[in-house]
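Visitor: just a sequence and a predicted model for now, questions to come.
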Amino acid sequence: MLAQVTHILGLTSIRRVRTLPVSGRVLVASRQKVNASDVIAEAQIPAQHVLVDVRRALRLGSVEQAQRVIVRNEGERIFAGDVIAETGGLFPRMVRAPADGQVVMIAGGRVIIEVQSQPIQIFAGVPGYVVEVIQERGAVIEGQGALIQGAWGNDRVAEGMMINLLNSPDEELTRQKMDVSLRGAVVVGGMCSDPEVLRMGEELPLRGLILSSMSASLVPVARSVSYPVMLTEGFGRIPMNEAAYTLISTNDKRDVALSTPFRPQAGERPELIIPLPAVGEPAADFAYFKPDQKVRILGAPYPSHVGVLVRLLPGLTTLPNGVRAQAAEVRLSKDTLVVVPLANLEVIQSV
């Protein structure tokens with residue numbers, strides 16, 4: 001069975017395909033040098049129309065009643081959350097606009113809103129060169145350097161000097177460590193459970209933040225900040241794996257690129273790239289399971305735990321929940337051997 005591979009490599013060749021979801025304009029040429037934060041393609045998502053049924057939303061008895069409570073006019077600009085219709089009285093009921101746009105029609109107790117077209121920009125994500133242009137869609141970018149792939153990211157891209165605050169893999173990033181000396185840096189900070197740390201990063205501002213793990217409750221804050229945030233391990237209180245910690249420690253104060261998309265279905269993962277002048281070999285995104293591989297468990301009851309695959313179990317194994325699946329024995333520590341379905345494992349490739 002093939003497994004997804006997480007790369008933690010001191011030197012590799014990195015090739016990424018960056019494309020628009022719709023036809024647009026490509027802004028780069030073949031053999032052009034790019035930075036990770038360069039926009040390589042852009043497009044406009046066509047305007048969409050949203051129908052708001054006021055009569056049904058307010059449970060009114062007739063179209064005429066619905067028409068009377070609509071408080072907007074055709075041609076009017078509105079914003080998400082604006083009141084479209086209101087019943088009035090002591091306990092008024094309201095219908096609000098679902099998105100920014102313009103009212104294009106009011107009829108039959110319904111309001112049609114034209115939602116504004118949205119610009120899309122695709123970033124290179126990798127410092128390197130354009131090796132292929134994909135007409136009206138994007139490009140293929142190739143670069144060289146050290147690579148650490150993460151478990152979660154907030155979909156941002158930035159570059160800057162990496163400053164490592166960790167003296168050990170299990171340290172926590174606290175408010176006391178966030179000072180003005182970190183302004184403009186990509187900071188490596190360990191575990192985090194305080195949302196104010198992320199907000200302070202916005203105020204400094206940071207160029208990026210690499211954490212081993214953070215509380216799941218911090219996701220809305222992490223998504224709201226303008227700088228990229230990457231987790232190397234996942235959610236909870238999980239120390240950084242030794243391979244990533246060592247690679248980061250030996251490259252402290254280097255310029256890096258941090259790209260943090262998180263779209264597993266599309267094969268896009270957050271990545272820390274440390275550009276290097278040497279040429280590395282490309283790394284495969286998938287590998288076959290085999291004994292002695294370092295693996296990470298993706299699901300409960302051992303989420304994000306790293307261990308060593310001891311052996312693949314023959315045939316199908318009956319799991320505690322009654323499901324029969326292909327599985328393997330994984331050693332998490334000297335005294336802990338667990339059985340994990342292969343679907344809940346990924347291989348960690350490190351050099």
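Guide: Right, received. Where do you want to start? Just so you know, these numbers come straight off a predicted model, no measurement behind them.
Visitor: give me the neighbour count for residue 288.
Guide: Neighbours of residue 288 under the rule other CB atoms under 10 Å: 10. For glycine as for every other residue, the C-beta is placed from the backbone atoms N, C-alpha and C.
Visitor: cool, and residue 96?
Guide: For residue 96, the neighbour count with other CB under 10 Å is 15.
Visitor: residue 287 too?
Guide: Residue 287 has 15 neighbouring residues, counting by other CB under 10 Å.
Visitor: got a list of what it touches?
Guide: For residue 287, the contact set (CB atoms under 8 Å, 6 or more residues apart in numbering) comprises 2, 3, 5, 293, 347, 349.
Visitor: right, and the first one touches residue 286 too?
Guide: What that stands for is residue 2. Yes. Counting by CB atoms under 8 Å, residue 286 is a contact partner of residue 2 at 4.6 Å.
Visitor: the stretch 151-300 of the chain: strands as residue ranges?
Guide: Along the stretch 151-300 of the chain, the stretches classed as strands by DSSP state E, counting those that start in this stretch are 152-153, 157-164, 185-192, 208-214, 229-235, 255-259, 271-275, 286-288, 294-297.
Visitor: re the thing from before, which of the contacts of residue 287 are buried?
Guide: In these, burial by neighbour count holds for 3, 5, 293, 347, 349, counting by 16 or more other CB atoms under 10 Å.
Visitor: between those, which is nearest residue 27?
Guide: Nearest to residue 27 among those is residue 5, at 31.3 Å by CB to CB.
Visitor: okay but that closest one is in contact with residue 296, surely?
Guide: No. Counting by CB under 8 Å, residue 5 does not reach residue 296; the two are 10.4 Å apart.
Visitor: what residues are shared contacts of these two?
Guide: Contact with both residue 5 and residue 296 is made by residues 346, 348, according to CB under 8 Å, 6+ apart.
Visitor: who's sitting farthest from the centroid in the protein?
Guide: residue 64 (47.1 Å; CA atoms, centre = their mean).
Visitor: which element, helix or strand, includes that residue?
Guide: Residue 64 belongs to helix 63-69 when assigned by DSSP states H and E.
Visitor: what residues of that helix count as buried?
Guide: Neighbour-count burial for helix 63-69 flags 66, 67, 69 (criterion: 16+ other CB under 10 Å).
Visitor: okay, now residue 81: neighbour count?
Guide: When neighbours are defined as other CB under 10 Å, residue 81 has 10 of them.
Visitor: please compute how far the helix holding residue 64 lies from its chain's middle.
Guide: Here helix 63-69 shows a centroid-to-chain-centroid distance of 44 Å under the convention CA atoms, centre = their mean, to the nearest Å.
Visitor: again, but for stretch 195-202
Guide: Centre-to-centre, stretch 195-202 and its host chain are 18 Å apart (CA atoms, centre = their mean).
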